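*Asks:* give the three-dimensional model of this entry:
(2 chains)
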Amino acid sequence: MSDFFNFLLNGLSCGAIYALIAVGYTMVYGIIKLINFAHGEFYMFGAFVGYAALYALFGVHPTGGEPGFLIFAASLLLAGLLTAILAVVVERFCYRPLRNAGRIVALLSALGVSLLLQNLGQQTVGASYRKFAPTLTEARFPRTEVDLASLQPGQTFDRTVVLDYALRDERGRDQQRTHAVVLAGEPLSAAALAETLRLAQASSRPAHAYTYAAVTVSSKQLVIVLTLVLVAAGLYGLVQHTRFGRAMRAVSVDFRAAALMGIDVNRIVSGTFFIGAFVAGIGGFLAGGMYYERIDPLMGLLPGLKAFVAAVLGGIGSIPGAILGALLLGISEKMVEAYVHSGLRDAFAFGILIAVLLVRPSGLLGRFEGDKV
Amino acid sequence: MSDPAAPILEIRDLHVFYGGIHALKGVSLTVHRGELVSLIGANGAGKTTTLNTIAGVLAPKDGQVLLEGASIAGQPSHAILRQGLALCPEGRRIFPNLTVDENLDLGAYIRSDPAGVREDIAKMRETFPILQERAGQLAGTLSGGEQQMLAIARALMSRPRLLMLDEPSLGLAPLLVDRIFEILAGLKRQGMTVLLVEQNAFQALGVADRAYVLETGRIVKTGPARDLASDPEVKRAYLGG
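*Replies:* Residues are numbered from 1 along each chain as shown, chains lettered A, B, ... in the order given. Coordinates of the predicted model:
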């Protein structure tokens, strides 16, 4: 049973990553009815900007230790900002001139931008993936600390005891390490105790021993899910309670009438791209830079498509729908991986898309819109 | 630039094309401060095209649109509204997914005086009590007549110098049509300058100071509304007798 909940938490954080991409997809669709296929590349771009910021601007080496909160936060912000600016430029030059040319034309332009960004990425930074060093101290919760001084040879524990310590590398950064002290139910040998105390002694920062609950959530998962909660709350406030949000909602239903209210529709569209891409950019950095610890120029392809599926599943155009769809998709993927077959994960995701389109074309929270194509 | 002695609105020899169709063939008209001017004509005569061109929804091919002497032709709608020219569009075009109050707020989108906006919303609620009753309701749930009141109130929220109304009585029950024309008469009494497009020529001429008759993209008659109402040709063509 505890396995199930661990899979659920995994699925939730995976879904939260999809959600950070899906909200931008759905916002852009809501306002100009464009499926912006380049949105996954915004996510990729954010990951690379964050990578560059961490390692070039702030001098944290790719194999070095954790950057510390401020540098991490600054890199995250830069990832969001530069991605947002890229999106505004893309909208201005690749979509705006085509706004009256029909939706298929704009869609093709979006596909073109997507491929262009992928190829540009491969040409400039290379096609192979880069591995990140951990950017966040890995910890799982809930946990109970075991007092190192109280450990006795022959002692047994209900749960495995793990030592959390760190080693300083040649650049003076702490590299996090873990070491299994004793397995659940087995007696602690004198040799294992001695080794544990030696490692704790050698640790470059205070070492702690913990036992973990059967169901745990990791610090990375917490950061991702918390970010999504903040993003969702922020977007809700923005859309429902600000002048910009009112204008956005007006433009999304009737942009000509909105212009008659004095709303500069182009500015609202730019703003929507900015916000959606900002969220995708920080999502890319959190996912590639922190969660999976690897990035490559094609990393936006599959998550971008999955986020599109999530947005359709939830009802494209609806922000709560996109978040709900993304979480459901993430969770179901992990469940398929765990209980059916890991190779069927992606097939399952796209199977969901087909099923939803057949049964409920407007999605879970979408409003039915007649034929607009 | 802007000349206070000039008419509020003057359009000269306006030509507009819809694709290959020559929709307006040299329309000229003038609206002075405090006037209620009606533009009447049959379906497809170019009434809506005229208003849409003035409001910047359409761009003219040729001709001038002068707002107090300053040219506004070819500017985008949002810029034209900022210069004091509001259009209450045909078919009401309220925002159905927003509440009644949010619709009114959007009408005042260009304003930056929250206290004045609140005051105006209170005024609108006084003039249109239904807007008070339905304040928090989604505008899409209002009846057609209620939506029309909301559309007029929303257009007034920008405090325009000139209010243009496109077919405000279209599709409404006779009682509501009367109510709309009462509202227009009220606006005129308050000194609002109005350019009104109507198919309901009888009532439009009843409330207007002056009127223009538009036929297939050309102004064919103009004069004081009272004279046009008794003109035999206008009577035959637009007043059913």
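*Asks:* going by C-alpha atoms from here, please, whenever you check contacts or count neighbours.
*Replies:* OK.
*Asks:* how about residue A:202, nearest residue that isn't a chain neighbour?
*Replies:* residue A:167 (7.6 Å; C-alpha to C-alpha, 6 or more residues apart in numbering or on different chains).
*Asks:* surely residue B:89 meets residue B:165?
*Replies:* Yes: Residue B:89 lies in contact with residue B:165 (C-alpha atoms under 8 Å); the separation is 6.4 Å.
*Asks:* re earlier: list the contacts of the residue nearest to residue A:202.
*Replies:* Neighbour list for residue A:167: A:174, A:175, A:176, A:177, A:202, A:203, A:204, A:205 [criterion: C-alpha atoms under 8 Å, 6 or more residues apart in numbering or on different chains].
*Asks:* which of these sits closest to chain B?
*Replies:* Here the nearest of the contacts of residue A:167 to chain B, counting by C-alpha to the nearest C-alpha, is residue A:176; it sits at 51.8 Å.
*Asks:* and that closest one, what is it in contact with?
*Replies:* By C-alpha under 8 Å, 6+ apart, residue A:176 lies in contact with A:65, A:137, A:138, A:164, A:165, A:166, A:167.
*Asks:* the fifth one: what's it in contact with?
*Replies:* With contact taken as C-alpha under 8 Å, 6+ apart, residue A:165 is in contact with A:176, A:177, A:178, A:179, A:199, A:200, A:203, A:204, A:205, A:206, A:207, A:208.
*Asks:* helices and strands around the strand or helix carrying residue A:192, which ones?
*Replies:* Per DSSP states H and E, residue A:192 falls inside helix A:190-202. Helices and strands touching helix A:190-202, by 3 or more C-alpha pairs under 8 Å, 6 or more residues apart in numbering or on different chains; DSSP states H and E, are strand A:161-168, strand A:174-182.
*Asks:* only the buried residues of it, if you could.
*Replies:* Of all the residues in helix A:190-202, those buried under the rule 16 or more other C-alpha atoms under 10 Å in any protein chain shown are A:193, A:196, A:197, A:199, A:200.
*Asks:* quick one: contacts of it?
*Replies:* Outside helix A:190-202, the residues that touch it by C-alpha under 8 Å, 6+ apart are A:148, A:151-154, A:163, A:165, A:167, A:179, A:181-182, A:206-208.
*Asks:* domains for chain A, by residue range?
*Replies:* A:2-134+A:220-359, A:140-217 (automatic domain parsing).
*Asks:* avg pLDDT for stretch B:21-35?
*Replies:* In this model, stretch B:21-35 has a mean pLDDT of 96.
*Asks:* who in chain B is up against chain A?
*Replies:* Neighbours of chain A within chain B, by C-alpha under 8 Å from any C-alpha of the partner chain: B:55, B:57, B:77-82, B:86-87, B:89, B:93-95, B:97-98, B:102, B:106-110, B:155, B:158.
*Asks:* residue A:348: which of the contacts of helix A:190-202 is nearest?
*Replies:* Using C-alpha to C-alpha, the shortest approach to residue A:348 within the contacts of helix A:190-202 belongs to residue A:179, at 37.0 Å.
*Asks:* what about the closest one, how many neighbours?
*Replies:* Residue A:179 is flanked by 15 other residues according to other C-alpha atoms under 10 Å in any protein chain shown.
*Asks:* work out for me the element whichever residue of chain B sits closest to chain A sits within.
*Replies:* Going by C-alpha to the nearest C-alpha, chain A is nearest to residue B:78 of chain B, at 3.8 Å. Assigned by DSSP H and E, residue B:78 falls within helix B:77-82.
*Asks:* thinking again about what came up before, now the residue of chain B closest to chain A: closest residue in space, sequence neighbours ignored.
*Replies:* residue A:262 (3.8 Å).
*Asks:* all set now, cheers.
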